[in-house]
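Peer 1: just a sequence and a predicted model for now, questions to come.
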Amino acid sequence: MILTDNSEDGINGDYPPSRWESQIDAVSILLASKYQAMSDNAAGLATMAGKAVDVLCTPTQDGSKVSSTLFGAKVGGHIHLVNVKTSANEGPTD
C-alpha cells in the first residue's frame, strides 16, 4: 500500500511544484519501479487525511488503475496518525 498525504499541509504550494504534485510524481515513480521489477507485484493506494484512512484502490497488478485513482483523491483536512496506525493494525475490513 502506498499512503499519500492529502491534508491541507500536504497540498501546500509554498514551493513549485506543490507538495501534492510532488507526491503524484513519487507515486508514479514507485509504481513504475515496482511493476518493472516484477510484473506480479501488486500495489494499492490510500490517503491519510480526514476521519479515517481512505483506501482509494485495493492492491492490484494494474498500475494504471492505481495511478488514476490518485487524481480523484479529496484534498483537505488533517492527518490523524492514530487513525492511520489503527487502520494499518486492523487490516482490510472486507
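Peer 2: Here it is on my side, so go on.

Peer 1: which residues does Lys65 contact?
Peer 2: Cys57 (CB atoms under 8 Å, 6 or more residues apart in numbering). C-beta: built from backbone N, CA, C; applies to glycine.

Peer 1: what does the pLDDT read for it?
Peer 2: Listed pLDDT for Lys65 reads 89.

Peer 1: can you map out the helices along this protein?
Peer 2: Remark: helices assigned in the chain by DSSP state H are 19-37, 63-70, 81-90.

Peer 1: any idea how far Leu56 is from Lys65?
Peer 2: Distance, Lys65 to Leu56, by CB to CB, to the nearest Å: 10 Å.

Peer 1: got the helices of the chain as TSV, with distance to Thr47 columns?
Peer 2: Converted to TSV, the helices of the chain look like this (distance: least, CB to CB, whole Å):
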stretch	distance to Thr47
helix 19-37	10
helix 63-70	9
helix 81-90	10
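
Peer 1: could you report the neighbour count for Thr60?
Peer 2: Thr60: 14 surrounding residues under other CB atoms under 10 Å.

Peer 1: sorry, that was for Gly13
Peer 2: Neighbourhood size, Gly13 [other CB under 10 Å]: 10.

Peer 1: residue contacts, it?
Peer 2: Per CB under 8 Å, 6+ apart, neighbours of Gly13: Arg19.

Peer 1: ok, it to Thr4 distance?
Peer 2: Per CB to CB, Gly13 is found 16 Å from Thr4.
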